[in-house]
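Peer 1: next one to model:
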Amino acid sequence: MAAANAGRIDYTQPGPIDDSVLTQQATHRSEAIWNGRDPGSITCRSRSSEFSKQPPMVDDRVRNIITTVGLEGLLWVPGREIDNGLITALVERWRPETHTFHMPHGEVTITLQDVEVLLGLPVDGDAISGSTQKTWVNVCRDFLGFQLVTQNNHKQLDGQRILINRLLEEVANPLPPDAEEDQLHKYARCYILPLLGDTIFMDKSGDRVHLMWVQQLENLHNPRRYSWGSACLAWLYRELCRASEDTSQIGGCLLLLQYWAWARFPYLCPTVERGPPVGAYGPSVRGPLSLKWLWVPNKKNRPAHIFRDRYREQLASMLPDQVVWQPYEAHFDDLPPWCVAGRAVWTATVPLVCFHLVEKHTPDRVVRQFGMIQEIPRAVNTDRVLHGIDLRGKIGVNWMQKHAAHILEWGYRFDRRCEAVLGDMPPEHEYHDWFKRVTRRFIDRPGAVVTLLIEGYVRLLRRHPVGTEDHNDITEVLTAVQAMTRVQPPIPEAPIEEAAMPTGPSTSTAPAGCQSRPPVATPQLLPTPDPCASTPHASASPTIPSSIPHPSPTVTIPSPNPHSAPTATIPSPSPHPAPTPTIPSPTPLPCSGSDVRPPTPLPCSGSDVRPPTPQSFLQLSPIPSFDLGTPPDMQQEPPSHSSFSTPSSAIDPPHVQAEQPVGLPTAAEGRPKRISKAPPCGTGGHKHG
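Peer 2: Sure thing, here's the model as predicted:
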């Protein structure tokens, strides 16, 4: 017996069983949590109060410069409250050794594709680098147009970082109509710097921005094409790596991380309880995909630790088909060209350079996010020495020379694209068994206890034929567990605060080339769900019962016993395509239980920016269910579906919290095309009460 058990894996241990990948587990945040020293929720740095109060930039001259530089997407990205609980739960699964999140069914990560699609930032271009051998007082005078009294004046300039409020003072008044080009460029830099520091390069100061970005804004007459997206991703990677150890705060573009999580795991997205006001319709915005979550409400004063624990539970009990590996495929045709222009470098395995930062981009470990079959990835060296480099004490360093080798490697990005076989992962693929051995399986002990108990019942279920009394008893217990997890604790919530919305590129309230129109009736769009379920992705996770036998040594779900009665056998579940909500013609249809109507697209004459097609979204079940292979008479009813509104175009800037969003009316245009959509977001998952 001892010899038979010698090769068995002890599944009660949190892992990893094989420490060849997660070499920094001893100092990782999850180690402290497992040993009863939970460091608590992480404080997430969000937009500065000064920039939140700044009115939107409506001067076309400045907006044209922002577009030419490649930062147009930042004008459209909706601003919102950062969910500290969600960010904390994700950080607990971030691994600095691989720059990926270790989820129950494999590795996932934020790639260059996510940055460009969600934020509209260019990812193909020169690396963001330069020198910090500058006299920053002179930089302010020559490129920003104002003089600081002294470099040691902490109230305005602290080392290499300047107060955002000081820059906003320079753009508080409108630019004169007859302003010269030099004055225009200084005015634009004073606005772009806070925009960068308040979104993609947010640090822990919360109210300052680094002046080193001025080097990329020196020539605004004919600017070079820079990869702002790769710099944004490098900055976020570094913040995630630090927060995964012993840091209590985190900066970086957390809006990107939050939108990424909602796209990949829609069941984590809050419920959209109400959309735009009735009659507040306008020309739809054709911008970054983050506008999809425009009407997801902000929640104020939520108990972060309760939601963190809830997110831990939901991530630990995640089912394979709750991971949307390719959430953007159905949206590519509706995105503007500048949101997909860097498609050729999305899968490049290259270093991401941002001045002092060099972080490895590892799409070869997550090729399922590009529709490929994931093989066992090769080892990656994220270099702990590079992780230790920061700007503290680095007053005079030419980072372009110091990181010349990494910048050169970035230059060969088109030759470093990873390739794999297209297709879905089969359940018996060797990657699943390998990942089980090298990953951190459990984060906290309560989650491990529930998982192990379910695994034990599943093993017992395998030993009894379908239809027998023992099989039915065990099935009833697992079904009861499923039903109990659907009960939400009655935690009161603050009133909903509407999400902030961005402004279109115009000097007035309507985009250029478009005229305001009187209110007209807007047709309702009713979702037509596909009768098939989402395509389940393969996983060796023992927490997901299934009637398909699994060859790996991990705990799997039993196949029907060959000796069971023929009348009690259950066919194996077969994968189905993802639900495809279709869009009917724009003829007013009755809609029960909903007064929310999505906006109608309005084409703009003389502009290549066309509005997106109105989209409807399904509603997902907030808690994962157990597929126990029960008889047809025990199957539960499928979840109900509800429509989801797309954003309106007459929208407030991304940094302004709108009290009551109001849009512009428009007339209905033609019959929208029918397109397939990824599983929806904004349909619930952690709503309490």
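Peer 1: packing partners for the helix or strand that contains Leu257?
Peer 2: Leu257 is part of helix 254-264, with elements assigned from DSSP states H and E. Helices and strands touching helix 254-264, by 3 or more CB pairs under 8 Å, 6 or more residues apart in numbering; DSSP states H and E, are helix 84-91, helix 112-119, helix 228-243. Heads up, the C-betas are built off the backbone N, CA and C, glycines and all.
Peer 1: tell me what angle that helix forms with helix 228-243.
Peer 2: Compare the direction of helix 254-264 with that of helix 228-243 by axes from the mean of the first three to the mean of the last three CA atoms, to 10 degrees and you get 90 degrees.
Peer 1: give me the contact list for helix 254-264.
Peer 2: 44-46, 77, 79-80, 82-83, 86-87, 90, 108, 110, 114-115, 118-119, 199-200, 202, 232, 236, 240, 268-269, 289-290, 293, 296, 323-325, 327-328, 678, 681-682 (CB atoms under 8 Å, 6 or more residues apart in numbering).
Peer 1: output the following helix or strand past that helix as CSV, restricted to C-alpha atoms.
Peer 2: Per DSSP H and E, the first helix or strand lying C-terminal to helix 254-264 is helix 304-316. What follows is helix 304-316 as a C-alpha-only set of coordinates in CSV (Å, rounded to 0.1, in the frame of the first residue of the first chain):
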residue,chain,number,x,y,z
ALA,A,304,-13.1,45.9,0.5
HIS,A,305,-12.2,42.9,2.6
ILE,A,306,-15.6,41.3,2.1
PHE,A,307,-15.5,41.7,-1.6
ARG,A,308,-11.9,40.6,-1.7
ASP,A,309,-12.9,37.3,0.0
ARG,A,310,-15.8,37.0,-2.4
TYR,A,311,-13.6,37.4,-5.4
ARG,A,312,-11.2,34.8,-4.0
GLU,A,313,-14.0,32.4,-3.8
GLN,A,314,-15.2,33.1,-7.3
LEU,A,315,-11.8,32.8,-8.9
ALA,A,316,-11.1,29.6,-7.0
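Peer 1: of all the residues in helix 304-316, which ones are buried?
Peer 2: 304, 307-316 (16 or more other CB atoms under 10 Å).
Peer 1: among the residues you listed, which one sits closest to Ile443?
Peer 2: If you rank the buried residues of helix 304-316 by distance to Ile443 using CB to CB, Arg312 comes first, at 5.7 Å.
Peer 1: Glu107 sits in which helix or strand?
Peer 2: Glu107 belongs to strand 106-108, assigned by DSSP H and E.
Peer 1: and the contacts of that strand?
Peer 2: 98, 100-101, 264, 323, 365-366, 368-369, 374, 377, 431-432, 435, 539.
Peer 1: now with 6 Å?
Peer 2: 100-101, 365-366, 435 (CB atoms under 6 Å, 6 or more residues apart in numbering).
Peer 1: please apply the same query to stretch 41-59.
Peer 2: 79, 82, 84, 87-88, 91, 164-165, 168, 175, 191, 194, 198, 202, 204, 206-207, 243, 249-251, 254, 304-305, 308, 503, 507, 653, 655.
Peer 1: now the nearest residue to Trp228 once chain neighbours are set aside: which helix or strand?
Peer 2: Distances taken as CB to CB, 6 or more residues apart in numbering put Leu121 closest to Trp228, at 4.7 Å, once the chain neighbours are dropped. Using DSSP H and E, Leu121 maps to neither a helix nor a strand.
Peer 1: now Thr479
Peer 2: helix 469-485.
Peer 1: show me what that helix is packed up against.
Peer 2: Packing partners of helix 469-485 (3 or more CB pairs under 6 Å, 6 or more residues apart in numbering; DSSP states H and E): helix 445-462.
Peer 1: tell me the angle of the helix it packs on relative to helix 304-316?
Peer 2: Using the same axes, to 10 degrees: helix 445-462 against helix 304-316 is 30 degrees.
Peer 1: buried residues in helix 445-462, which are they?
Peer 2: Going by neighbour count (16+ other CB under 10 Å), the buried part of helix 445-462 is 447-448, 450-452, 454-455, 457-458, 461-462.
Peer 1: what's the answer for stretch 124-144, then?
Peer 2: 124-125, 127-130, 132, 134, 136-137, 139-140, 143-144.
Peer 1: one more: stretch 419-436?
Peer 2: Residues of stretch 419-436 classed as buried by neighbour count (16+ other CB under 10 Å): 424-425, 427, 429, 431-436.
Peer 1: quick one: the helix holding Leu257 to helix 84-91, angle?
Peer 2: Going by the same axes, to 10 degrees, helix 254-264 makes 80 degrees with helix 84-91.
Peer 1: quick one, helix 254-264 and helix 112-119 angle?
Peer 2: Interaxial angle, helix 254-264 versus helix 112-119 (the same axes, to 10 degrees): 100 degrees.
Peer 1: same question for helix 254-264, mean pLDDT?
Peer 2: If you average the pLDDT over helix 254-264, you get 96.
Peer 1: can you show me the CA trace of that helix as CSV?
Peer 2: In CSV, the C-alpha atoms belonging to helix 254-264 read as follows (Å, rounded to 0.1, in the frame of the first residue of the first chain):
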residue,chain,number,x,y,z
LEU,A,254,-5.6,49.9,-12.9
LEU,A,255,-8.4,50.9,-15.2
LEU,A,256,-6.9,48.6,-17.8
LEU,A,257,-6.6,45.7,-15.3
GLN,A,258,-10.2,46.1,-14.2
TYR,A,259,-11.6,46.3,-17.8
TRP,A,260,-9.4,43.3,-18.7
ALA,A,261,-10.9,41.2,-15.9
TRP,A,262,-14.4,42.1,-16.9
ALA,A,263,-13.7,41.1,-20.5
ARG,A,264,-12.0,37.8,-19.6
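Peer 1: now stretch 106-114: average pLDDT?
Peer 2: 98.
Peer 1: make that stretch 134-147, sorry
Peer 2: 92.
Peer 1: hmm, back to that, for the buried residues of helix 304-316, which one is nearest Asn381?
Peer 2: Leu315 (27.2 Å).
Peer 1: so who does that closest one touch?
Peer 2: By CB under 6 Å, 6+ apart, Leu315 lies in contact with Ala89.
Peer 1: and Leu175, by the same measure?
Peer 2: Neighbours of Leu175 in contact, by CB under 6 Å, 6+ apart: 59, 187.
Peer 1: quick one: low-confidence ranges for the protein?
Peer 2: 1-11, 48-49, 149-154, 273-285, 299-304, 482-689 (pLDDT under 70).
Peer 1: which residues touch the nearest residue to Thr109 once chain neighbours are set aside?
Peer 2: Beyond its immediate neighbours in the sequence, the residue positioned closest to Thr109 (CB to CB, 6+ apart) is Thr100, lying 4.2 Å away. Applying CB under 6 Å, 6+ apart, we find Thr100 in contact with 107, 109, 365.
Peer 1: hang on, the second one packs against Asp364?
Peer 2: No - using CB atoms under 6 Å, Thr109 is not in contact with Asp364, being 10.6 Å away.
Peer 1: more crowded one of those two?
Peer 2: Set side by side, Thr109 and Asp364 show more neighbours around Thr109, with 23 against 20, by other CB atoms under 10 Å.
Peer 1: distance-wise, check the more buried one relative to Glu375.
Peer 2: 16 Å (CB to CB, to the nearest Å).
Peer 1: with Asp321 instead?
Peer 2: 22 Å.
Peer 1: tell me which of the two has more neighbours.
Peer 2: Asp321 (20 against 15).
Peer 1: would you say the more buried one is within a helix?
Peer 2: Yes - applying DSSP: H, G, I helix; E, B strand; the rest coil, one finds Asp321 inside a helix.
Peer 1: how many neighbouring residues does Thr27 have?
Peer 2: For Thr27, the count of nearby residues is 11 (other CB under 10 Å).
Peer 1: how much space between the nearest residue to it once chain neighbours are set aside and Ser30?
Peer 2: Using CB to CB, 6+ apart and skipping residues adjacent in sequence, the residue nearest Thr27 is Glu245, 5.5 Å away. Remark: distance between Glu245 and Ser30 (CB to CB) = 11 Å.
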